[in-house]
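Q: here's a sequence, model it:
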Amino acid sequence: MMFLNMGSFISLIVLVFLFTVLLRLFRILREYERGVIFTLGRYGGTKGPGLIIVIPFLQQLVRVDTRVVTMDVQPQDVISRDNVSVRVNAVVYFRVVDPAKAIIQVEQYYEATSQLAQTTLRAVLGKHELDEMLTEREKLNTDVQTILDAQTDGWGIKVTNVEIKHIDLNETMIRAMARQAEAERERRAKVIHAEGELQASRALAQAATILASEPSAMQLRYLDTLTQVAGDKSSTLVFPIPIDLLAGFMPQHGAAPRPGAGPVSRPRANLQPAPDGSDEPAPDHPE
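A: Just a heads-up that it's a prediction; the model follows:
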C-alpha cells in the first residue's frame, strides 16, 4: 500500500513537471515584440511575433519592444560659446530596429541612449551662441539627431527625432534680453516714423509744385480750409489772409489810377530864395 502511494506521488510530480515544461515550451509574442533566443548561452536567432517554441532549460528568451520610445533627457547645464549659462532639457524619440544588437552589443540600451543623449546635447549646444539656440532650434535638433543616430547605429537603435523643449535663463539675462527687445522696437519705430516723414515731404513737395503752377488752385485750397474750420463749434474764428488773395485788389506799379481813387499828389514847385531875402518863391520865368 505504501508503494502504491509512493508511485502515485511520483506520477503526480511527473505530470506537474511535464505540464510546466509544456507551459514554458510555447511562448506568444505580440506584434510589436521580438524574441532573442539564446541556446546554451549562444545566440540562436530572433523570432516573433506570434507563437514560438522555446526549449526549457536549453534555450532562453529575451523580449524586445520595437515600438518608438519617448525618452525625456534630464535638464543639462550648458555654457554657450558666448559664455552664457543656460539650462536645457530635451526629448528623444528612438526605436529598436535590430533586437539582437540591442541585447548583445550593449547591456542596457535605454540607459546607454539616455546618457549619450545628455552628453551630445551639452556638446552640440556648447558650440553655439545664445541667439542661435533661441532662433535656430530646428538646426540644433537636426545636429543632435544626426550625432545620436550615428553613434547608436551599432546598438541596433534608430533615433527618429530630437526636440529641445525648453531653455531656461537666469533673471539677469532675461532682463537684458527684454531691454534689447525694447531698444529694437524703438529703433524700428523711429525708422518707420522717419520713412513716413520722408514720404510725406515728397508728397507735399509735389503738391506745392502743382499748386504753384495754378494760382487759382491755392485760392480754392484756402477756401476749402475755411470750410473745414467753419465746422468747428468755437465762437471765435481766426484765420489768416494770404497776400496772394489781395493781389487782385492792389494797383500794379506804374498803372493809371482807377476812377474814384484819392487825390494824386503833384510835384512840388521849384522853390528859390527871393532876391530880397524873403521866403517867397521866385517865379521860374520872370514876367
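Q: how about L58, what does it touch?
A: Residues in contact with L58, defined by Cβ atoms under 8 Å, 6 or more residues apart in numbering, are T39, L40. Using the backbone N, CA and C atoms, a C-beta is placed for each residue, glycine as well.
Q: okay, it and R42: tell me how far apart.
A: 11 Å (Cβ to Cβ, to the nearest Å).
Q: ok, which stretches of the stretch 51-200 of the chain are helices?
A: 99-104, 109-125, 130-135, 137-152, 171-213 (DSSP state H, counting those that start in this stretch).
Q: can you tell me which of these is most buried?
A: helix 99-104 (a mean of 20; mean count of other Cβ atoms under 10 Å).
Q: low-confidence bits of this protein, can you list those?
A: 1-6, 229, 231-287 (pLDDT under 70).
Q: what's the spacing between the most centrally placed residue in it and L226?
A: Computing the C-alpha centroid of the chain and ranking residues by Cα atoms, centre = their mean puts T135 first, at 6.7 Å. Relative to L226, T135 is positioned 56 Å away (Cβ to Cβ).
Q: please apply the same query to A102.
A: Per Cβ to Cβ, A102 is found 90 Å from L226.
Q: check S8 too.
A: If you go by Cβ to Cβ, the gap between S8 and L226 works out to 128 Å.
Q: swap in M173?
A: For M173, the distance to L226 (Cβ to Cβ) stands at 60 Å.
Q: now V73
A: From V73 to L226 the distance is 75 Å (Cβ to Cβ).
Q: more neighbours, the two?
A: V73 (22 against 11; other Cβ atoms under 10 Å).
Q: skip the chain neighbours and tell me the closest residue to that one.
A: Nearest non-adjacent residue to V73, counting by Cβ to Cβ, 6 or more residues apart in numbering: A90, 4.5 Å away.
Q: residue contacts, the one you found?
A: Here A90 is in contact with V73, A117, L121, V144, V162, E163, I164, K165 (criterion: Cβ under 8 Å, 6+ apart).
Q: in the sheet, who's paired with it?
A: With DSSP bridges as the criterion, A90 is bridged to V73, I164.
Q: hmm, back to that, now the helices of the stretch 51-200 of the chain in a markdown table, with distance to G48?
A: Output for the helices of the stretch 51-200 of the chain, formatted as a markdown table (distance: least, Cβ to Cβ, whole Å):
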| stretch | distance to G48 |
| --- | --- |
| helix 99-104 | 9 |
| helix 109-125 | 18 |
| helix 130-135 | 43 |
| helix 137-152 | 22 |
| helix 171-213 | 52 |
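Q: these: which one's closest to S80?
A: With Cβ to Cβ as the criterion, S80 lies closest to helix 130-135 of the helices of the stretch 51-200 of the chain, at 4.9 Å.
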